[in-house]
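Enquirer: 3D, please:
(chains A and B)
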Protein chains: 2
Amino acid sequence: MKRSRGRPRQFDSETVLDRAVAAFSVQGYSATSLDELARATGLNRPSLYNAFGDKEALYLQALEHFVARLRAALADTVVAERDLPTALRKLFLGALAVYFAERPALGCFVFCTAPVEAVAHPAVRALTLGLVEELDALLGARFAAARDAGELPTHLDPAQMAKLAQATLHTLAIRARAGESRASLERFIEHTVAVLAPVTKPSRRRGTSRS
Amino acid sequence: MKRSRGRPRQFDSETVLDRAVAAFSVQGYSATSLDELARATGLNRPSLYNAFGDKEALYLQALEHFVARLRAALADTVVAERDLPTALRKLFLGALAVYFAERPALGCFVFCTAPVEAVAHPAVRALTLGLVEELDALLGARFAAARDAGELPTHLDPAQMAKLAQATLHTLAIRARAGESRASLERFIEHTVAVLAPVTKPSRRRGTSRS
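Expert: Have a look, this model is predicted:
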């Protein structure tokens, strides 16, 4: 967004990061060369370096770029949707749309490419754990609100149900990238929403049938 | 185990594959060089090549070696243990013991290092999907037996509960490698076992629970 005073920057950072996400998504961080990143982004290596730093710095910025989009999607589903099963269904189906956006399906950029780098690259590890904890907190708040509203049986712990909901995202990501069919994963989502948000006995008539 | 007629082989394949698993587990397939694999296994590059083929072939054999150990562990827990919650608890805690065997925790060799390679290496993709499907089938049979024994509420689909149980393994693997604490994951396991294997009421009062 910022432009230097002298000559205008020849590229838009958001576009470059979109392309870096796409490039890193195919082979992962280690197998993607700087030459491939230059080709994918349309920038030469010195320009890439000046704008984003080395390959690890570019990868970290690509991960953060992806997380920022995920965060916006979560605000529209988990946070904004008042009905818990609907919120979860939208979350999981929305994730599936991202995971199957390319052929073959690439799964989740973070959960399919970052874990392998987490040991050799502490910054990748920290970013991955940060996302895991952010999702736990966001989903945990959502489950806690559902419990307060009588939508979740009281013997279920919102924080632990949040982890199981995130587990669902992790398995969807891995399964999509491994080649499981989208139809199979849609069936899994339907069943899992019913497990994560079981119908509670209505104290009045709350929670009557939804399609 | 087999020895060539002429001179004896200077190494044991199982030991070499154990060491290859350990080496690939740290940085993943792409970032681990043949020189590092030679150092880790104690074989020089020509010997490695003669015995196992190229780096991809060695990685695939390392993955299969790890899966064979996993299969043996599953026979002792999921298959042999008659009580469903006990079987699941043993499965998850057994996985955690593997995932936290090193410091920092490396998670699951297959689910933390193979997905990233699944797009560029179709053989890795096929092996990953094969393991996912094998675990689904094995766990699915276990949940089906539990349902037949009245240990699982009849509205739950054994095949889909199996996928959720495997989702638990996937998230444990990712979380361990990302740096979540073992104590936190043990709490998650306890809660998740209760969700995956909810206590059923004795048959005459089945399904009447209210919280």
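
Enquirer: Identify the residues contacting stretch A:46-60?
Expert: With contact meaning CB atoms under 8 Å, 6 or more residues apart in numbering or on different chains, stretch A:46-60 is reached by A:9-11, A:13, A:16, A:20, A:24, A:29, A:32, A:34, A:37-38, A:41, A:43, A:61, A:117, A:121, A:123-124, A:127. For glycine as for every other residue, the C-beta is placed from the backbone atoms N, C-alpha and C.

Enquirer: Quick check: the nearest residue to residue A:36 once chain neighbours are set aside vs chain B, distance?
Expert: Distance criterion CB to CB, 6 or more residues apart in numbering or on different chains; nearest residue to residue A:36, sequence neighbours excluded, is residue A:23 at 6.1 Å. Residue A:23 sits 12 Å away from chain B, going by CB to the nearest CB, to the nearest Å.

Enquirer: One more: residue A:191?
Expert: On the measure of CB to the nearest CB, residue A:191 and chain B end up 4 Å apart.

Enquirer: so who does that residue touch?
Expert: Counted by CB under 8 Å, 6+ apart, residue A:191 has contacts B:156-157, B:160-161, B:164.

Enquirer: cutoff 7 Å now
Expert: B:157, B:160 (CB atoms under 7 Å, 6 or more residues apart in numbering or on different chains).

Enquirer: Helix or strand for residue A:23, just tell me which one.
Expert: helix A:13-27 (DSSP states H and E).

Enquirer: if we look at that helix, which residues are touching it?
Expert: For helix A:13-27, using CB under 7 Å, 6+ apart, the contacting residues are A:1, A:32, A:36-37, A:40-41, A:43, A:58-59, A:61-62, A:65-66, A:106, A:109, A:113, B:119-120.

Enquirer: In PyMOL, how would I select just the buried ones from the contacts of stretch A:46-60?
Expert: Remark: buried members of the contacts of stretch A:46-60, expressed as a PyMOL selection using 16 or more other CB atoms under 10 Å in any protein chain shown:
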select buried, chain A and resi 16+20+24+29+32+37+38+41+43+61+117+121+124+127
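
Enquirer: What is the burial count for residue A:56?
Expert: Each residue near residue A:56 was counted by other CB atoms under 10 Å in any protein chain shown, and the total is 14.

Enquirer: And for residue A:94?
Expert: Quick note: residue A:94 (other CB under 10 Å) scores 16 neighbours.

Enquirer: That one contacts residue A:73, correct?
Expert: Yes - using CB atoms under 7 Å, residue A:94 is in contact with residue A:73, at 5.6 Å.

Enquirer: what about chain A, any weak spots by pLDDT?
Expert: A:1-10, A:201-211 (pLDDT under 70).

Enquirer: run the last query once more with 90
Expert: A:1-11, A:75-77, A:79, A:82, A:199-211 (pLDDT under 90).

Enquirer: hey, where'd the helices end up in it?
Expert: Secondary structure of chain A by DSSP state H: the helices cover A:13-27, A:34-41, A:45-52, A:55-74, A:84-99, A:109-113, A:122-148, A:158-178, A:182-196.

Enquirer: Keeping just the C-alphas, turn the third one into PDB.
Expert: Provided in PDB are the C-alpha atoms of helix A:45-52 (Å, rounded to 0.1, in the frame of the first residue of the first chain):
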ATOM      1  CA  ARG A  45      15.000 -12.100  -7.000                       C
ATOM      2  CA  PRO A  46      16.500  -8.700  -5.900                       C
ATOM      3  CA  SER A  47      13.100  -7.100  -6.000                       C
ATOM      4  CA  LEU A  48      11.600  -9.900  -3.900                       C
ATOM      5  CA  TYR A  49      14.400  -9.700  -1.500                       C
ATOM      6  CA  ASN A  50      14.100  -5.900  -1.100                       C
ATOM      7  CA  ALA A  51      10.400  -6.000  -0.600                       C
ATOM      8  CA  PHE A  52      10.000  -9.200   1.600                       C
END
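
Enquirer: Quick one: work out the angle between it and helix A:34-41.
Expert: Angle of helix A:45-52 versus helix A:34-41, following axes from the mean of the first three to the mean of the last three CA atoms, to 10 degrees, is 80 degrees.

Enquirer: which parts of helix A:45-52 are buried?
Expert: Buried, per 16+ other CB under 10 Å, within helix A:45-52: A:47-49, A:51-52.

Enquirer: same deal with stretch A:132-149?
Expert: In stretch A:132-149, counting by 16+ other CB under 10 Å, buried: A:132, A:135-136, A:138-140, A:142-147.

Enquirer: Let me see the contact set for the closest residue to residue A:114 other than its chain neighbours.
Expert: Computed as CB to CB, 6+ apart, the closest residue to residue A:114 that is not its neighbour in sequence is residue A:128, at 4.6 Å. By CB under 7 Å, 6+ apart, the contact set of residue A:128 is A:110, A:114-115, A:118, B:178.

Enquirer: tell me, what residue is most central in chain A?
Expert: With distances taken as CA atoms, centre = their mean, residue A:70 lies nearest the centre of chain A, 5.0 Å away.

Enquirer: so who does it touch?
Expert: Here residue A:70 is in contact with no residue (CB under 7 Å, 6+ apart).

Enquirer: do the same with residue A:125
Expert: With CB under 7 Å, 6+ apart, residue A:125 has these contacts: A:118, B:178-179.
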